[in-house]
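Peer 1: Below are the sequence and a predicted model for it; my questions follow.
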Amino acid sequence: MYNYLMLVGTITKDIELKELANNKKVATLDLAVMRGFRNANGEYDCDFLKVTLWDFLADLAVDTLKKGSKVGIKGRIYPHVEQLASGAFVPMNELIGERLFFFDKSMASDELVDVEEQYINQDNS
């Protein structure tokens, strides 16, 4: 079995970049994803999901995406357990983005090729 997800949706608010103490960068984006079927009222429902991006992808998202941008995200689900202030443990599923696909025409195709080359050539150490 593979841990793989593909989402296509609309960014619902501007993305903020955070720098952590270990020189890692992280960004969380809020994505609205329309369901592929109608509800009992004949309308399409929308799910709102948080996606975490790290390092190069975090920088790329902050530099190229904004509220209202259409984006595709390839990634994985990171299941873990968090402890609440009450001491209770709660299972969580975090969505980790590993690749971005741009659907807006705001970037020229030659810019996207440059971005793709940067991503491929990045230092993952």
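Peer 2: In hand now; what should we look at?

Peer 1: Which of the helices or strands spans the residue positioned nearest the centre of the chain?
Peer 2: Closest to where the C-alpha atoms of the chain average out (CA atoms, centre = their mean) is V51, at 3.7 Å. Using DSSP states H and E, V51 maps to strand 44-54.

Peer 1: Just checking the distance from the strand or helix carrying I96 to the centre of its chain.
Peer 2: Secondary structure from DSSP H and E places I96 in strand 89-102. Centroid separation for strand 89-102 versus its chain: 7 Å, with CA atoms, centre = their mean, to the nearest Å.

Peer 1: Only alpha carbons, please: show that strand as CSV.
Peer 2: Output of strand 89-102 as CSV, limited to C-alpha atoms (Å, rounded to 0.1, in the frame of the first residue of the first chain):
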residue,chain,number,x,y,z
PHE,A,89,-4.0,11.8,23.7
VAL,A,90,-5.7,12.5,20.3
PRO,A,91,-4.9,10.8,17.0
MET,A,92,-4.1,13.3,14.3
ASN,A,93,-3.6,13.1,10.5
GLU,A,94,-1.4,15.8,9.1
LEU,A,95,-1.3,16.4,5.3
ILE,A,96,2.3,16.9,4.1
GLY,A,97,2.7,18.5,0.7
GLU,A,98,5.6,17.1,-1.4
ARG,A,99,4.9,18.6,-4.8
LEU,A,100,2.9,21.6,-6.1
PHE,A,101,1.1,22.0,-9.4
PHE,A,102,0.1,25.5,-10.5
